Structures are given as C-alpha cells and as structure tokens.
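Chemist: model the following, please.
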Amino acid sequence: MDYYDFIINVYSALGLGLLIGLEREFRQHPAGLRTNALVCVGSSLFMSLTFLLHDVGSPTRIASYIISGIGFLGGGVILKQGVNIRGMNTAATLWCSAAIGALCGSGHWGFGVGGTVTVLLVHLIFRPVSNWVLRLERFSEEELNFKINVVITFGRDTAIRELFVKFMESNPELTLRSLSTVKQEALRETEITAQMVCPMNKHKSILDLINILNDQPGARVVSWEKETRLSD
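Modeler: Predicted coordinates:
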C-alpha cells in the first residue's frame with residue numbers, strides 16, 4: 001500500500017462514516033456525526049496499518065480485534081431506563097460503522113459504499129415499518145386511557161411539554177390524545193394535563209414517564225389515573 005492508497009482508504013471511510021453519523025445526528029442519538037466518523041476512520045487506520053507493515057497474516061486478526069473492541073464502545077451507549085433498554089440501535093450502528101471502516105481500510109471501499117447504503121436504508125425505511133407494526137399490535141389489543149396531571153412551578157411548563165413530546169417520539173406504542181395547560185397566577189404554578197392511550201402490555205411505559213416527571217426540577221405534584229376500554 002502506497003501513500004495514495006492510504007489516503008483514499010482513510011478518507012473514503014471518513015466520508016461513509018459521516019453519512020451514517022449524519023442520519024444518527026438528525027435523529028438526535030447519543031452516537032452521532034463525529035462518533036460514527038471516528039469509528040469508521042479508526043477501523044480503517046488499524047486495517048491500513050497491517051498492509052503498511054506488509055504483514056500478510058494480520059488483516060483478519062486485526063479485524064477480529066476491531067469487532068470485539070467495538071463492543072466496549074457500543075456498550076457505553078446502551079442504557080436501562082426503568083423496564084426499557086435504550087441505545088441498542090445506536091450500538092448496532094457503531095458496529096456496522098466499524099465494519100465499513102475495516103472494508104475501506106483493506107482497500108474494498110466500493111463494498112463499504114454498499115454497506116453504508118444498506119445501513120442507511122435500514123434506518124430510513126424500516127423505522128416507519130417498525131412503527132407501523134407497533135401500531136397494528138396496539139390496535140389489536142385492549143387499550144388503556146391515561147390521564148396525567150403535573151403541577152409545576154412557573155417557568156418550567158415549556159420543559160415539561162417538550163419532555164412529553166420527546167417521550168412519545170421514543171415510545172411510538174403510545175398515543176398522546178391531548179395536552180392542556182392551565183396557569184394558576186395566584187399560586188405561581190402551572191397545571192399540565194395529558195390524555196394518553198397505550199396497549200395493555202405497554203402500560204409500564206407510562207410508569208416510566210411518571211418517574212421521569214417526578215424527577216423534574218420544580219415538579220410539585222404528579223398524579224395519574226387510568227381507565228380500561230376495548231379498542232374500536
């Protein structure tokens with residue numbers, strides 16, 4: 001491998017890593033633009049090193065170390081929140097980024113382009129499909145109606161509404177029917193009421209939301225009630 005090949009391999013890995021990271025950054029995931037780009041570049045550099053040293057038997061050995069090493073990095077983005085596990089898709093994406101970087105580092109950047117397109121297709125196409133399947137599952141089961149009341153000090157109501165929206169984005173099995181706000185000027189507090197619907201087997205997500213709301217600064221009272229009904 002000469003210097004020209006080295007530059008092509010490393011910078012092709014950088015470009016492909018940036019493409020994957022851009023999609024992750026747009027979705028506001030923990031491992032975004034720079035992380036995926038660095039994983040791709042790092043894998044490419046390690047693979048290139050074996051060719052620069054003219055060690056014929058090293059590429060497969062280095063690739064195996066990359067595969068096991070990326071597991072530690074992926075484990076850092078997997079978090080347990082209540083009964084839910086977050087970050088699995090992000091960790092899997094980092095694993096794929098490492099594989100694409102290894103392809104580029106070994107001179108097979110054309111195959112790396114194919115791998116990048118495949119990763120992006122999985123995120124862009126199968127995410128709506130996954131949400132659609134979750135909705136089908138939800139409509140086929142008994143549903144629960146929840147009413148959540150949050151009494152918060154003045155100035156914190158915007159943050160609470162944003163928290164509701166973000167929680168719904170990460171829990172597509174839930175449906176937010178309404179979100180109302182009433183300001184109590186005399187008490188210097190705001191009452192936020194949310195009407196939500198979820199499948200019977202997903203009600204623990206509501207409990208996770210209640211725990212998160214209780215931990216918010218300025219939260220004075222957090223209460224909820226539920227009513228069971230059959231889906232139409």
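Chemist: the strands in the chain, which residues?
Modeler: Taking DSSP state E as the criterion, the chain contains strands spanning 79-81, 84-86, 143-153, 175-184, 189-199, 219-229.
Chemist: dump these into TSV; add mean neighbour count and mean pLDDT as well.
Modeler: Every C-beta, even on glycine, is put in place using the N, C-alpha and C of the backbone. What follows is the strands of the chain, written out as TSV (neighbours: other C-beta atoms under 10 Å; pLDDT from 0 to 100):
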stretch	mean neighbour count	mean pLDDT
strand 79-81	11	56
strand 84-86	12	60
strand 143-153	19	85
strand 175-184	12	85
strand 189-199	19	86
strand 219-229	13	76
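Chemist: distance of the residue positioned nearest the centre of the chain from residue 92?
Modeler: Closest residue to the average C-alpha location of the chain: residue 29 at 4.5 Å, with C-alpha atoms, centre = their mean. Taken as C-beta to C-beta, to the nearest Å, the spacing of residue 29 relative to residue 92 amounts to 11 Å.
Chemist: list the helices and strands the longest helix along the chain packs on?
Modeler: Ranked by number of residues, the top helix in the chain under DSSP state H is helix 109-139. Contacts defined by 3 or more C-beta pairs under 8 Å, 6 or more residues apart in numbering; DSSP states H and E place helix 109-139 against helix 3-26, helix 88-105, strand 189-199.
Chemist: what pairs with the shortest one, and is each one parallel or antiparallel?
Modeler: Next to strand 189-199 in the sheet, as set by DSSP bridges, lie strand 143-153 (antiparallel), strand 175-184 (antiparallel).
Chemist: picking that back up, I'd say the residue nearest to the centre of the chain and residue 90 touch.
Modeler: Yes: with contact defined as C-beta atoms under 8 Å, residue 29 reaches residue 90; the gap is 4.9 Å.
Chemist: thank you, goodbye.
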